[in-house]
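A.B. asks: got a predicted structure plus its sequence, pasted below:
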Amino acid sequence: MNTPLVKTLFDELRKMPIIDPHTHVRAHQPVAQHLGDLLGYHYYTELSNSSRGKPVPLPDDPDARIEYVWPHLADLRGTVQFDWMMGISEAFFDIPRGDWFSKPKAEIIKRAQQVIQDKSYESKVWERSNITDVYLTNQFDEDLSGLKDKRLVPCLRTDDLVFNADKAASISRLEKFTGLAAGKDLTTWRAALTQIFDNFKSWKMGYAAVGLPPSFIIEQNTAEKAAALLPKIAKGEILDDASRRIWASFAIEEITRQCERVSAPYCLMAGADRGVYEQGVPSGQDLFRCDAHLRGYDWLLNKYANVRFPFMVVSDTAGLELAAAGWIRHNVYPMSHWWYANNPADIRRELRRRLDVLPRTKFIGFHSDGYSLEFTLPKFNTYRLQLAMVLAERIEESSIGGTVTLEPMTVESALELSERILLKNNATILGCR
Amino acid sequence: MNTPLVKTLFDELRKMPIIDPHTHVRAHQPVAQHLGDLLGYHYYTELSNSSRGKPVPLPDDPDARIEYVWPHLADLRGTVQFDWMMGISEAFFDIPRGDWFSKPKAEIIKRAQQVIQDKSYESKVWERSNITDVYLTNQFDEDLSGLKDKRLVPCLRTDDLVFNADKAASISRLEKFTGLAAGKDLTTWRAALTQIFDNFKSWKMGYAAVGLPPSFIIEQNTAEKAAALLPKIAKGEILDDASRRIWASFAIEEITRQCERVSAPYCLMAGADRGVYEQGVPSGQDLFRCDAHLRGYDWLLNKYANVRFPFMVVSDTAGLELAAAGWIRHNVYPMSHWWYANNPADIRRELRRRLDVLPRTKFIGFHSDGYSLEFTLPKFNTYRLQLAMVLAERIEESSIGGTVTLEPMTVESALELSERILLKNNATILGCR
Amino acid sequence: MNTPLVKTLFDELRKMPIIDPHTHVRAHQPVAQHLGDLLGYHYYTELSNSSRGKPVPLPDDPDARIEYVWPHLADLRGTVQFDWMMGISEAFFDIPRGDWFSKPKAEIIKRAQQVIQDKSYESKVWERSNITDVYLTNQFDEDLSGLKDKRLVPCLRTDDLVFNADKAASISRLEKFTGLAAGKDLTTWRAALTQIFDNFKSWKMGYAAVGLPPSFIIEQNTAEKAAALLPKIAKGEILDDASRRIWASFAIEEITRQCERVSAPYCLMAGADRGVYEQGVPSGQDLFRCDAHLRGYDWLLNKYANVRFPFMVVSDTAGLELAAAGWIRHNVYPMSHWWYANNPADIRRELRRRLDVLPRTKFIGFHSDGYSLEFTLPKFNTYRLQLAMVLAERIEESSIGGTVTLEPMTVESALELSERILLKNNATILGCR
């Protein structure tokens, strides 16, 4: 590794502002109120659960959550997940990571809590992170009309209208929120959906999004069958698997039409197998399948040629398949490095592929997926270091190959490219305001 | 990266002649006649189509094709695809890549056209590329008896006899070309096929080849069913999917028998999903599935133990599965880095795997897949740089591990190995003349 | 590459003792008795078979086996497989690798045979390898009560009770070995199984293990159906595929219960497709599928929450899926780099992933899979070099990123981590004595 060159790039990347195009940050409480909100992030609870050899249920109380994870932290040293917590500690708490293992637990907790409870805390996190925009994950019946902070971008998560329509009581929630009898017929359901999208549009939404199971195949021409399913869902029946796929296909198409109507992208997040690990902590029960392919989206992507589809995959195996789709399809935009694929080895490979084969305008660099604003900075730093390594390698390759072989790359042009994928593409693809 | 060592290797690799074992070069017009022939290569038209956010049909006129891609070229800077065009510009047009973005478009086009239209152009491309052999892609009813240039190696592309037998009107074309009533019965169809192979053999063919869809499973004992399908194909009926698989299985086996008869390899090119992106430009509508496996070929590979099967995969995911097949099977030869898998990250990984686990006689380094001879050199240069990086790493590893751990590698032995996979193996595996 | 740093790490790693947690070493003859035992290892016979262009049956005689592989050795130079043989030659025979290609064959064979036949040979291999524990692969009807060498750890390979129950004549062997009428009913079969596990427990077993085909899905509630299959198996009938899956599911669950009873791990080795290459040499007929996923184990892993499941995959594609399972599941332990995935490129990627996302207590570094004790050292050296490269990279990254980005790593802490995954985790996960 050309460490001076990587360091030069990394230091420059760290000076850039951050747009975080997908998070689970709470609109009205972006930062933690308790250290247990941070150590209770599923990355720590699940690793603690998996470290202890036998499953132990996760407590709700934030103090108890700290106790839940604390004994296992030493075993997590060296992992990226733990690095994110340590980055928070160093950047916002001013507690060096070494202190976590050399000072008493009570002292660390006390120092962290003091910082978190200080009234300057939220603004400190914003400032030290240099974040300009944070995309949220909002339910269809959230009222965001009071949201004043323009850095927070509402995004409509549609899972509760699609795969979870039955279990999430979506019809009664729709009826309550819109005042329309959404369970009566598809026409009224569509009217309720239109109202939801009008709301989000008025709040300057970023995009709609949906999580999709591995190798989902969207069924065509489902309206008639969906009409028959609507009363069942409205009554609270749980759908069988085949019916679930039909309703999901129908709802995805309807939501895509709404995206077309209001000119919003529909972000597809493909590949998670939900709830397969019974003894897992909340958000720590999902895995993926390495054989998950993307062929089942062709019909939707072809039919709705005017809708932009930012596209994430949870597996590493679908990485090149997604890059190829972004390469030839005009409306597929490979997005970031998601969940299990968000680790240095897989980031580096996927990033290099995208830089090598995609128009620089066709992909989005990174998002944090954080549940609290504090995670944005350390997660971006993990990515920035891998980006710096990939760019340094490209700079060295271009110095060897000469202009007859490849585009010359300098620190300056590498940073221009980074700005494109980390900042500008969010604006052009997602419509960042 | 040990840049001096990589540069030493790269510079030596560039001095080697090139055998290009798979191209779509036109037998009677190997080089471009117009800049639009080069900028009209699907790599540029598809990336332009995918860059503009909405699909626009591709014009036929070569000048109009230049207009089609030109506005998008800036967004392609830094991609390998664009590097190939720039390599052509630098190596054959003597136009530095910087000029493309600093000089007027009209000037670049004019300078390029002047070079292309000069009568020395074709020989200049041959000489500057230092190409000794170029394998072609020929249809069964091409007449290559007049082909004088011994550097051009006829290869029989069999897709129109296999998966496209119905849509490509293969029976009437066979009848017209051979004078035999190929649609009458399988015996006559086989006689026509024999004539085709005799022709190609007399032209000193390289190999027969066929493109195969993802996870194709060859059906056994299909002659009787194929006999029933033949009249339908002859009449121009379009086969249903099940019938298509039966006919394809039958035809593949018959062609394999012909390969055995004339001692030619049968090159299997597995994994492309044709025509899935409706709005794509020509040759820009195909993708692949990451779950495509190779288990469906076992029966064929086992049964025809005397036929050599050079084998390409379009996906990255089947890379190790293919390497493992080349490792234990005596008649499978992993070949090059094809299409979407032909990018630096995937080349480097796959190449390292093959070097580490395969007998050095068992795989073929690289082919260009170019539609015009100009693409051979820049595509080989992309590969050569990755090869130089992989070899430099191996040299460094051997200096660390010592002879007790791994084979010492020097620049000299690395180049000997390169000559083996890039030149000699084409002769031993493909029968390069 | 930072070669001095990699060398420092590699040299330190080579000083560590070795625990080899999975081998096929013979309990009563751990080392070779003839050079043909080593050159007859399937890695050499299969590569020789695959190198000669046409299949030739493998002779049984060890001298004849040497003749079988010898002509092909030159083509294997540079492969890891050949490096293992050369490592043996250098480390134990004191024959430099260069001599194999510069001295007469007869001389090499004679020198090697002299060393092998010397009575100090076995102890020399143990000492020079610095091996403290070697896990074996034992059949259920092996009698290991006389095994005196405490470095040899019995492990119960259960394939002959599971997928091969019919072909391996498991019932008659069970009856002969236990004296119980195992074919009479499931109760007696279970009693026989209990006796087997009691035996292995008394011999201080390491673990039970089973090989599983690609994408195997364990069927639930199979006892009734298994009861109907038992008499068929007892009579020597060969099961159809559906029945085989039922019996296998039943047997896996019963064995898992025994593992729970005696507190032994059940090592799952997933993904090999057995016998697909007809002309292959023994142990050289198996391949894998790149689409093999791990979803079919969820039910077993969830239900037997108290059993530890060390888990290997033969494919590269399931690597991240396995890492994710080890990340959230409390009883899945990703293990080593198995078979086709045991090559430098795939080791390096997988190792980096595991270091980055898994608690350091959750995975096992490496095993040799060797058939003779001599292979342990050179195979570990291949791994150690890749480990050194991964750790050096991490050390450099941490020097660039600073403590705000990632855990500082030094040579000392890197070696501590190595000791954890190579030595300590064998004790905590596998119960190394």
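C.D. replies: Cool, the structure landed.
A.B. asks: name the residue most distant from the centre of chain A?
C.D. replies: Going by Cα atoms, centre = their mean, the residue of chain A most distant from its centre is residue A:404, 39.3 Å out.
A.B. asks: which residues of chain A fall in strands?
C.D. replies: A:18-20, A:131-135, A:152-153, A:156-157, A:208-212, A:266-270, A:272-273, A:287-288, A:309-313, A:332-334 (DSSP state E).
A.B. asks: any idea which of these gets closest to residue C:60?
C.D. replies: Of all the strands of chain A, strand A:287-288 sits nearest to residue C:60, with 45.8 Å by Cβ to Cβ. For every residue, glycine as well, the C-beta is placed using N, CA and C.
A.B. asks: parallel or antiparallel, which strands does that closest one pair with?
C.D. replies: Counting by DSSP bridges, the strands paired with strand A:287-288 are strand A:272-273 (antiparallel).
A.B. asks: compute the number of surrounding residues for residue A:221.
C.D. replies: 9 (other Cβ atoms under 10 Å in any protein chain shown).
A.B. asks: can you pull out the helices in the stretch 1-150 of chain A?
C.D. replies: Counting by DSSP state H, counting those that start in this stretch, the stretch 1-150 of chain A has helices at residues A:3-15, A:35-39, A:42-51, A:62-69, A:73-76, A:80-88, A:99-102, A:105-117, A:121-129.
A.B. asks: between those, which one is closest to chain B.
C.D. replies: helix A:3-15 (10.1 Å; Cβ to the nearest Cβ).
A.B. asks: elements contacting that closest one?
C.D. replies: helix A:376-401, helix A:411-419, helix C:376-401 (3 or more Cβ pairs under 8 Å, 6 or more residues apart in numbering or on different chains; DSSP states H and E).
A.B. asks: make a markdown table out of those helices and add distance to chain B.
C.D. replies: Shown next, in a markdown table, are the helices and strands packed on helix A:3-15 (distance: least, Cβ to the nearest Cβ, whole Å):
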| stretch | distance to chain B |
| --- | --- |
| helix A:376-401 | 5 |
| helix A:411-419 | 6 |
| helix C:376-401 | 5 |
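A.B. asks: could you dump those into JSON lines and include mean neighbour count and distance to residue A:16?
C.D. replies: Listed next are these as JSON lines, based on neighbours: other Cβ atoms under 10 Å in any protein chain shown; distance: least, Cβ to Cβ, whole Å:
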{"stretch": "helix A:376-401", "mean neighbour count": "24", "distance to residue A:16": "8"}
{"stretch": "helix A:411-419", "mean neighbour count": "16", "distance to residue A:16": "7"}
{"stretch": "helix C:376-401", "mean neighbour count": "24", "distance to residue A:16": "16"}
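A.B. asks: can I get those in TSV including mean pLDDT?
C.D. replies: What follows is the helices and strands packed on helix A:3-15, written out as TSV (pLDDT from 0 to 100):
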stretch	mean pLDDT
helix A:376-401	98
helix A:411-419	98
helix C:376-401	98
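A.B. asks: got a list of what residue A:89 touches?
C.D. replies: A:95, A:96, A:97, A:99, A:100, A:112 (Cβ atoms under 8 Å, 6 or more residues apart in numbering or on different chains).
A.B. asks: what of residue A:339?
C.D. replies: Applying Cβ under 8 Å, 6+ apart, the residues contacting residue A:339 are A:272, A:288, A:314, A:369.
A.B. asks: how many other residues sit next to the second one?
C.D. replies: The local packing count at residue A:288 equals 30, with neighbours defined by other Cβ under 10 Å.
A.B. asks: what does the stretch 1-150 of chain A have sitting close to chain B?
C.D. replies: Taking Cβ under 8 Å from any Cβ of the partner chain as the measure of proximity, the stretch 1-150 of chain A contacts chain B at A:1, A:2.
A.B. asks: my read: residue A:6 touches residue C:400, true?
C.D. replies: Yes: at 5.3 Å, residue A:6 counts as touching residue C:400 under the criterion of Cβ atoms under 8 Å.
A.B. asks: overlap in contacts of those two?
C.D. replies: A:385, A:388.
A.B. asks: residue A:128 contacts residue A:94, correct?
C.D. replies: No: using Cβ under 8 Å as the test, residue A:128 is too far from residue A:94 to be in contact (10.3 Å).
A.B. asks: point me to the residue of the stretch 1-150 of chain A nearest chain B.
C.D. replies: Closest point on the stretch 1-150 of chain A to chain B, by Cβ to the nearest Cβ, is residue A:2, at 6.7 Å.
A.B. asks: distance of residue A:207 from residue B:47?
C.D. replies: From residue A:207 over to residue B:47 the distance is 24 Å, taken as Cβ to Cβ, to the nearest Å.
A.B. asks: check residue A:149 too.
C.D. replies: In terms of Cβ to Cβ, residue A:149 sits 38 Å off from residue B:47.
A.B. asks: ok, now residue A:353?
C.D. replies: In terms of Cβ to Cβ, residue A:353 sits 15 Å off from residue B:47.
A.B. asks: does any part of stretch A:117-126 sit near chain C?
C.D. replies: No: Stretch A:117-126 does not reach chain C (Cβ under 8 Å from any Cβ); its nearest approach is 14.1 Å.
A.B. asks: give me the contacts around that stretch.
C.D. replies: Contacts for stretch A:117-126 (Cβ under 8 Å, 6+ apart): A:30, A:31, A:33, A:92, A:115, A:151, A:373, A:374.
A.B. asks: mind putting those in JSON lines, pLDDT and distance to chain C included?
C.D. replies: Shown next, in JSON lines, are the contacts of stretch A:117-126 (pLDDT from 0 to 100; distance: Cβ to the nearest Cβ, whole Å):
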{"residue": "A:30", "pLDDT": "97", "distance to chain C": "21"}
{"residue": "A:31", "pLDDT": "98", "distance to chain C": "18"}
{"residue": "A:33", "pLDDT": "97", "distance to chain C": "23"}
{"residue": "A:92", "pLDDT": "98", "distance to chain C": "10"}
{"residue": "A:115", "pLDDT": "98", "distance to chain C": "15"}
{"residue": "A:151", "pLDDT": "96", "distance to chain C": "23"}
{"residue": "A:373", "pLDDT": "98", "distance to chain C": "16"}
{"residue": "A:374", "pLDDT": "98", "distance to chain C": "13"}
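A.B. asks: quick check: PyMOL command selecting the buried ones in those residues.
C.D. replies: Selection command for PyMOL covering only the buried members of the contacts of stretch A:117-126, criterion 16 or more other Cβ atoms under 10 Å in any protein chain shown:
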select buried, chain A and resi 30+31+92+115+373+374
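A.B. asks: quick one: which two of the contacts of stretch A:117-126 are the most distant?
C.D. replies: A:115 and A:151 (21.3 Å).
A.B. asks: show me what from the stretch 301-433 of chain A comes close to chain C.
C.D. replies: Counting by Cβ under 8 Å from any Cβ, the residues of the stretch 301-433 of chain A near chain C are A:315-317, A:340-341, A:343-346, A:349, A:378, A:381-382, A:385, A:388-389.
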